[in-house]
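K.L.:
Take this sequence and fold it.
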Amino acid sequence: MGKTALLDYLAEQASGCQVVRAAGVQSEMELAFAGLHQLCAPLLERTDRLPVPQRDALRIAFGLSSGPAPERFLVGLAVLGLVSDVAGERPLLCVVDDVQWLDRTSSQVLGFVARRLGADPVGLVFAARVPGDDVAGLPELAVEGLGPSDARALLDSVLTGPLDARVRDQIVAEMRGNPLALLELPRGLSPTELAGGFGLPGVVPLSGRIEQSFRGQIDLLPASARRLLVLAAADPSGDPLLVRRAAERLGLPADAGGPAADAGLVEFSPRVRFRHPLTRSAAYRSATTQERGQAHAALAEATDQALDPDRRAWHRAAAALVPDEDVAAELERCADRAQARGGLAAAAAFLERAMTLTPEPAGRAGRALAAAQANLRAGAFDKARDLLATAEAGPLDDFYDAQADLLRGQLAFASGPGSDAPPLLLKAAKRLALAAALRASEHKHIYASSWAWPELIEAAVRTGDMGLAGETLDRLTETTKAGGTDLGLGIDARSRALLSEGEAAEDLYHEAISRLGRTRRRPDLARAHLLFGEWLRRERRRGEARGQLRTACHMLEAMGMEAFAERARRELAAAGEPMANRIAEAGRTSSGRASQQLTAQEAQVAQLARDGLSNPDIAARLFISTRTVQYHLGKVFAKLGIDSRGQLHRVLPGGPRR
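P.N.:
Numbers count the residues shown, from 1 in each chain. Predicted coordinates:
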């Protein structure tokens, strides 16, 4: 419907703004953070200004440094901080086209950023055929087709000869106002069809008709130009030097692309860019399977293995027409790298392709099982079930067969409560000797125990069954120590604090809050604040308790965890803060503005500023940018009739005396 043209117009009109762009590419959908890298590449020189955990997460995600797989939450905060910092000097416009083809991790991160821009002078504009869940809830503008009169005017503007009125009316009616269709379809009609008759293509979907029009133009090119177009279409990186090196390997002349460029189908400088994604599709589909394989093989040879091993492996896989163990093993290594960067969906795709290229039945079954496990971790449960069925159809030894039982139980558990999961998991447990127990604990399926065991520990402590609590804690610690993640170790520290006393308990609560604060599990962080506040109140440290309990209350209310929020409110009252003093109802001032009230986020920002936190600390606590914190404080000062944060203690209830 012309969404790309609208984005181009938007970028042209953004005078005074810095503009960065990215576009989803269908063949890069399985490469984690590929779309995000497109958008952020011009801004990466600013990463040194980010907090260290965020900077490291972003650099690891982009393969610029090594380290443990980054939390996508930290990557999101890093991108939020990066664009906010850049926009501090000049307003920033981020334009993202074809969101439906972005890799999942990039679309999740960009959706996260879009919802948290707040007061930052940043525009983030997505264009998609159909908006996905990752950008759901953002303001939308549906791009509809042109009206009949505008459609006829646009069609007339590209006609080179007379057009029978009946043919024009049929084109306008069948194109449903699609601008690209109106521009491209007449190029594929012969003079006879333009002059009269109803010689339009038959029952083909609209996108298919447009693609057929491009295909007709491609068929008119010389053979060398067509082969070069196939080569360019097979690689989405847009690197003209890479395409040129691959063309040399295919024996194509240096000027082979001239006719295609003259026809307006593609540009080769400064980047390789097709007129439209359907032009790329038409060029790729115009080749035979063997020709496409030759193109991918040439691109693989031309790709630097040291600089871009994953793309090289993907081209090798696309070129492989029969099973090839060498290529399958290389894809398996790509999966390991993708998983290290946090790209679970990419790892799953690499493993699935490796499975299809594995010639030996036992190895094929083992890789199918690994691909099923990766899809489970990526949340693709249906795909995981299909791959599990493939694995079980092949020869599996006892160990892998037990792992298959375990995976089936995990799928039953992850799909929702029911009666299937416990017996399946019990069956797997009985078959695995002491999925091997250590291997199982290190093998990323700790999400089940990470919620069940901590709940049991807390319940046992509250009912006085310290024996059960201690036994369960030992099991939890064995798993979390093996995983070594901030999430697991944070939950372990929180649970261990429940069984500790004095200074040891306090240190463990601080460790839990610190570790969980570096993850995206806000419910677990809020509950750590709640438990710490309860402990402080029992230790008769009521002032400190109120600070922890207020934080817990704000977070739990914001997440809709009303039962836990009510527990925090009861604890606040017991710690000496009347129910009438809830921060969400703050806003009365000594200047007579009794009717003025703060929004929920303004109240949170004001509370934390009153308690002495700096703007960067508040931003990190509430997962917003520093600029948004400053914006909210400005609104707070205006509503409360004050002009500095030092006056907040006078107008907000429950504040420390000064």
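K.L.:
quick one, helices of the stretch 351-500 of the chain?
P.N.:
Here the stretch 351-500 of the chain has its helices, by DSSP state H, counting those that start in this stretch, at 361-377, 381-393, 398-414, 421-431, 437-441, 447-462, 466-483, 486-498.
K.L.:
Lowest average confidence across those helices, which one?
P.N.:
Of all these, mean pLDDT reaches its minimum on helix 437-441 (a mean of 36).
K.L.:
Do a quick rundown of the strands in the chain.
P.N.:
18-23, 92-97, 122-126, 266-267, 273-274 (DSSP state E).
K.L.:
rank the ones you listed by pLDDT, which is bottom?
P.N.:
Among these, strand 273-274 carries the lowest mean pLDDT, at a mean of 82.
K.L.:
Which parts of the stretch 501-650 of the chain are helices?
P.N.:
With DSSP H, counting those that start in this stretch as the definition, the stretch 501-650 of the chain shows helices at residue ranges 502-516, 522-538, 542-558, 562-574, 600-610, 615-622, 626-640, 648-651.
K.L.:
which one of those lies closest to residue 232?
P.N.:
Distances from residue 232 to each of those were compared by C-beta to C-beta, and the smallest falls on helix 626-640, at 41.2 Å. Just so you know, the C-beta spots here come from the backbone N, C-alpha and C atoms, and that holds for glycine as well.
K.L.:
can I have that closest one written out in PDB, keeping just the CAs?
P.N.:
The C-alpha atoms that make up helix 626-640 are tabulated as PDB, following Å, rounded to 0.1, in the frame of the first residue of the first chain:
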ATOM      1  CA  THR A 626      17.000   9.600  32.700                       C
ATOM      2  CA  ARG A 627      15.300  12.200  30.500                       C
ATOM      3  CA  THR A 628      11.900  10.800  31.300                       C
ATOM      4  CA  VAL A 629      12.700  11.000  35.000                       C
ATOM      5  CA  GLN A 630      13.500  14.700  34.600                       C
ATOM      6  CA  TYR A 631      10.300  15.200  32.600                       C
ATOM      7  CA  HIS A 632       8.200  13.600  35.400                       C
ATOM      8  CA  LEU A 633      10.000  15.600  38.100                       C
ATOM      9  CA  GLY A 634       9.200  18.800  36.200                       C
ATOM     10  CA  LYS A 635       5.500  17.800  36.200                       C
ATOM     11  CA  VAL A 636       5.700  16.900  39.900                       C
ATOM     12  CA  PHE A 637       7.200  20.200  40.900                       C
ATOM     13  CA  ALA A 638       4.500  22.100  39.000                       C
ATOM     14  CA  LYS A 639       1.700  20.100  40.500                       C
ATOM     15  CA  LEU A 640       3.000  20.300  44.100                       C
END
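K.L.:
Please identify the buried residues of that helix?
P.N.:
Residues 626-629, 631-633, 635-637, 639-640 are the ones in helix 626-640 that count as buried (16 or more other C-beta atoms under 10 Å).
K.L.:
Tell me the one of those nearest residue 100?
P.N.:
So of the buried residues of helix 626-640, ranked by how close each gets to residue 100 (C-beta to C-beta), first place is residue 628, at 29.0 Å.
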